[in-house]
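Engineer: model this:
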Amino acid sequence: MNIKFEKVNDIKELAGLASAIWHEYWTCLLSPEQIDYMVENFQSERAIKNQIENENYTYYFIIQNNEKAGYFGISDKGEYLFLSKLYIKKEFRHKGLGTKAFYKIKELADNKPIRLTVNKHNINSIKAYEKWGFKTIDAVVTDIGSGFVMDDYIMET
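Structural biologist: Just a heads-up that it's a prediction; the model follows:
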């Protein structure tokens with residue numbers, strides 16, 4: 001299995017991949033309206049460009065056998081590395097790509113703790129994060145506008 005990580009330069013391609021994954025993955029946890037809202041506000045070309053230019057984000061494609069299988073987004077917050085996004089296309093899940101991506105993220109963290117937020121009902125992801133050594137340190141409900149909230153755990157390595 002040939003896996004590599006490539007820093008994202010094509011924001012339009014990333015936004016397309018993000019939209020496809022979000023619309024497939026989140027349907028069991030969020031309404032279609034909230035998925036559309038979150039993609040537009042957090043994973044559209046405009047949102048990603050703003051995150052890179054103003055919020056210290058870096059995005060990486062996860063590539064297996066020359067196919068873009070997913071992506072992750074990180075932001076250096078000084079005392080910790082924030083893992084904002086880690087998403088893998090359906091056909092590539094449960095094949096070890098998430099774990100390999102986590103090791104790459106750990107390398108990029110350069111011995112800093114890694115912190116993330118995860119939907120409280122996203123049980124599979126929570127189990128994976130716990131397997132990778134994350135512990136729940138807090139819980140937060142964040143109003144993201146238009147009547148939507150994110151109901152998350154904060155986890156850290």
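Engineer: Show me what the helix or strand of the chain with the lowest mean pLDDT is packed up against.
Structural biologist: When the helices and strands of the chain are scored by mean pLDDT, DSSP states H and E, helix 32-38 comes last with a mean of 92. The contact analysis (3 or more Cβ pairs under 8 Å, 6 or more residues apart in numbering; DSSP states H and E) places helix 32-38 against helix 11-25, strand 135-145, strand 148-156. C-beta here means a position set from N, CA and C on the backbone, and glycine is covered the same way.
Engineer: residues in contact with stretch 105-120?
Structural biologist: 29, 58, 72, 74, 76-77, 79-84, 86, 125-126, 129, 134, 137, 139-140, 150-157 (Cβ atoms under 8 Å, 6 or more residues apart in numbering).
Engineer: Whichever of these end up buried, select them in PyMOL.
Structural biologist: Those of those that count as buried under 16 or more other Cβ atoms under 10 Å are selected in PyMOL with:
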select buried, resi 72+74+80+81+82+83+84+86+125+126+129+134+150+152+153+155+156+157
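Engineer: roughly how far apart are Ile35 and Ile105?
Structural biologist: Separation of Ile35 from Ile105 (Cβ to Cβ, to the nearest Å) stands at 24 Å.
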